[in-house]
Each structure stands twice: as structure tokens, then as C-alpha cells.
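Asker: Predicted model follows, preceded by the sequence.
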Amino acid sequence: MKIKNFLYKKKNYRLKTFFLLILLIIIPMCSIQVSADSSSENNEWELYVNTYEALDEIDFSKLNDIFKDYDLQNLFHVDFETFVTNIVEGDLHVDAGTIFQYLFDVLFYHIKKILPALIIILVVAVVLKCLECFSPTVFKDGILDIINFIAVGFVVVVLSSLVLGVDNVISDTIASLQNIINLLFPILLVLLSGMGAYSSVAIYTPISSILTTGISNVLSNYLYPIFIISFVLIIIASLSNKLKIDKFIDFLFSLFKWGLGFVFTIFSGVFALKGISAGKYDSVSIFTTKFAIKNYVPLIGSYISEGFNYVVLGSMLVKNAIGIAGVVFIVLVILSPLIYLIVAKLLLQLLASILEIVGSFNIVTLLTKVSKIFVMPIAVLMGVGFMFIICISLVICTANII
């Protein structure tokens, strides 16, 4: 009997020990899971708070006004600030059909804007061709030359109005791009400062100033006037058959091409090298700062270091969202005048090809040369936009390196 009781107690003891071991294993695992879930929720909440605090401190009012002036608010159905917020939240819904409809509307708007001038040129050229056909029986010697001179002069007036419109488009677009970059860049630099990227800020501040004043002025005040000078020389050559200046016009075209390439090469090379080196230096300094806070601040060093991470991540999310929105904004601002210039160039080439069959040789030559030099304003506009996009993109890349 004693042996039986002993065995029963021993078996009971083993069961209790087994259940106790199970509890000792399960309870810590549950607490770890609960702690992990709680920590994950806290991390998301901290990142959410820091991100929206950074957004709330930014004044988007002027950018909202420009966004509305270009009718982009109707395209995206939001203002610029909400556009940035949607990018941060990953909730940006852009309807492809709406974008294509916008492009077709812009395209046909510019075609209808340019088409009347080209129809006038077509009518003048056809009438001149008809007069040339009747010249042996109707006109005396020298009268046809005067009529030809008047017709070419009339075409020159029409083309001059078209070129004047191009000049207004280029100047207004460059002014708008400078205004946008002057509003965007201080915001991006402040967010970089909040992340501790002081070396990048020190580099980008003078470069942004050079971009918005120096290089834009070089393109608009020194390279773009080559287009105007070339147009004037083409007009002079078309009005006087004795003056041969085609080689000089080709020289101006080459001068423009090499000048544009030189400006882009210098800017892109210096900006890229400086931006990448600054990002590497800032990444080391920020890592050192976090290490020092975590290891040398007693008791609360790890908490402060984690908080610093959330501040950096929140600023990075906001800065990248603003940068992406800025790139989209710049592309859309450039898009309409760029379509205008391309449409004008292609329609001039199309009209020249039609008039080659039925029109006057002088008018065909004039239209062909003018359509060729339309590459210059297109290149200036794309060049300014390209530099602004590179400028913003490198700021985003530098922060991502950090």
C-alpha cells in the first residue's frame, strides 16, 4: 500500500512538473508576441505622427495657387497639398483615360491655335503660284517680282507673329518654372536639415541659386536669342536673293548646339558628384550621431535614438513625396508649351512639303528653314525643365542614400 501511494504521488508530481514547464514556455511566448504587436503598433504610430507633423508645418498655399492656375487641380481633382499627402499615403489614383484626354485636349487646342496662320500662308502661296502661271500674258516684266516680294513679306509677317508667340511661351514658362523651384527647394532643404543632412544642404543651397538664376539666364538670355537672330537672318535671306548667309545660319545653329551641350555637361557633372559625395558624408555623420546618443546618454539614450529614427523617416517620406509631386508638376507645366512648339514645327514642315508641289519656291525655302530652327526653343525649354528635374531628383537620391 505504501508503495502504491508512493508511485501515485510520484506520478502526480511528474504531471505537475510537466504542466508547469508548459506554462513556463507558453506564457513568455505569448508575452513576447503581445510585446511585439504592441511595439509594431507603437512604431507605426510614431512614424505616422512624425510624418504628419512635418506635413502640417509646411505652407503649400503658393504652390496650391500655381497648381490651380495651370488647371492641374481639375486634372487630379485635388490641390497640390492633397496631391503630396496622397503620395505619402500611397493613395494616388490617376486615371489613364483622364491623362490621355488632357493630352488630346492640349494637342487639339494648339493645332486650332496655329492652323489659321498656316491656312493664310497656304492661300497666299497658292495665289502666288496662280499668278506665276498667268504672268506671260497678264503681267509686264518686273511686276511678278514685286508681287513675289509682297507675298513673301506677307508670309514673313504671319511667321513673325508665330515666333512672337513662341517668345512669350518660352519666357512665361521659364518664369513659372523658376517660381516653382524657388518655392519647392527651400522646403526640401528644410526637410534635409531636419534629417541632419547639413553637408547636403550646404552644397545644394548655392547650386540651387546658380540653377534658378545663372544657368536659366544663360539659356534664356544668351542661347535662346540665337533663335531670334537666326529667324531674322532667314527673313533677310528670303527677301533678297542676292544675299547668301546660309552658312552663317548653320554656324549659329552649331554654336547653339555646342553651347547647350556644354552647359548641361558642366551642370549635370558637378551637381551629381557633389550630391553623391554629400550624401555619403551625411550618412556617416548621422550614423555616428545615433551611435553616440544610444551609447553615451544614460538610461534614455536608446529611446532618444529610436525617436531620432522616426523623425528622419518621417522627414524622408514627406521630402520624397514633395519631390515626386514637384517633378510631376514641372513635367506638366512644360508639357503644354512643349506640345505647342512641336506642333508648330511639324505643321510648318507639313505645309512646306505641300507647297513644294503647288507653291512658290521662296516660300517653301522660308518655311523649311524656319521649321528647322524651331529645334532651338524646344531644346531650351526641355533643357531648363531637365535641369530642374535633375536638381529635385538628386535631392531625393541623396536623402535615400542617407
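Answerer: Sure, I can see it. Residues are numbered from 1 along each chain as shown.
Asker: contacts, neighbours, all on C-alpha from now
Answerer: Will do.
Asker: Could you check the pLDDT of Ile378?
Answerer: Ile378 is assigned a pLDDT of 91 by the prediction.
Asker: tell me how far the helix or strand hosting it is from the chain's mean position?
Answerer: Secondary structure from DSSP states H and E places Ile378 in helix 375-401. Distance of helix 375-401 from its chain centroid, counting by Cα atoms, centre = their mean, to the nearest Å, is 6 Å.
Asker: Quick one: list the elements packing against it.
Answerer: Judged by 3 or more Cα pairs under 8 Å, 6 or more residues apart in numbering; DSSP states H and E, helix 375-401 is in contact with helix 143-194, helix 224-239, helix 246-296, helix 301-358.
Asker: Let me know the average pLDDT across the second one.
Answerer: Mean per-residue pLDDT for helix 224-239: 87.
Asker: Low-confidence stretches in the stretch 201-350 of the chain?
Answerer: Along the stretch 201-350 of the chain, segments meeting pLDDT under 70 span 207-212, 272-314.
Asker: now with 90?
Answerer: Counting by pLDDT under 90, the stretch 201-350 of the chain contains low-confidence residues at 201-225, 227, 232-250, 253, 257-328, 332, 336.
Asker: for the stretch 51-200 of the chain, same thing?
Answerer: Residues of the stretch 51-200 of the chain meeting the criterion pLDDT under 90: 51-106, 110, 117, 121-157, 160-161, 163-200.
Asker: quick revisit: quick one: buried residues of the helix holding Ile378?
Answerer: By neighbour count with 16 or more other Cα atoms under 10 Å, helix 375-401 contains the buried residues 375-396, 398-399.
Asker: What of stretch 69-82?
Answerer: Neighbour-count burial for stretch 69-82 flags Leu72, Gln73, Leu75, Phe76, Val78, Asp79, Phe80, Glu81 (criterion: 16+ other Cα under 10 Å).
Asker: again with stretch 226-243
Answerer: Ile226, Phe227, Ile228, Ser230, Phe231, Leu233, Ile234, Ile235, Ala237, Ser238, Leu239.
Asker: Distance to Leu189 added to those residues, as CSV?
Answerer: Converted to CSV, these look like this (distance: Cα to Cα, whole Å):
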residue, distance to Leu189
Ile226, 35
Phe227, 36
Ile228, 37
Ser230, 41
Phe231, 42
Leu233, 46
Ile234, 46
Ile235, 48
Ala237, 51
Ser238, 52
Leu239, 54
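Asker: Of those residues, which is the nearest to Val156?
Answerer: Distance to Val156, by Cα to Cα, is smallest for Ile235 among these, at 6.8 Å.
Asker: What about Ile99, how many residues nearby?
Answerer: 13 (other Cα atoms under 10 Å).
Asker: From His77, how far out is it?
Answerer: Going from Ile99 to His77 by Cα to Cα, to the nearest Å gives 12 Å.
Asker: With Leu338 instead?
Answerer: Distance from Leu338 to His77, counting by Cα to Cα: 24 Å.
Asker: Narrow the buried residues of stretch 69-82 to those in helices?
Answerer: Those of the buried residues of stretch 69-82 mapping onto helices are Leu72, Gln73, Leu75, Phe76, Phe80, Glu81, per DSSP state H.
Asker: Since that was my last question, I'll sign off now.
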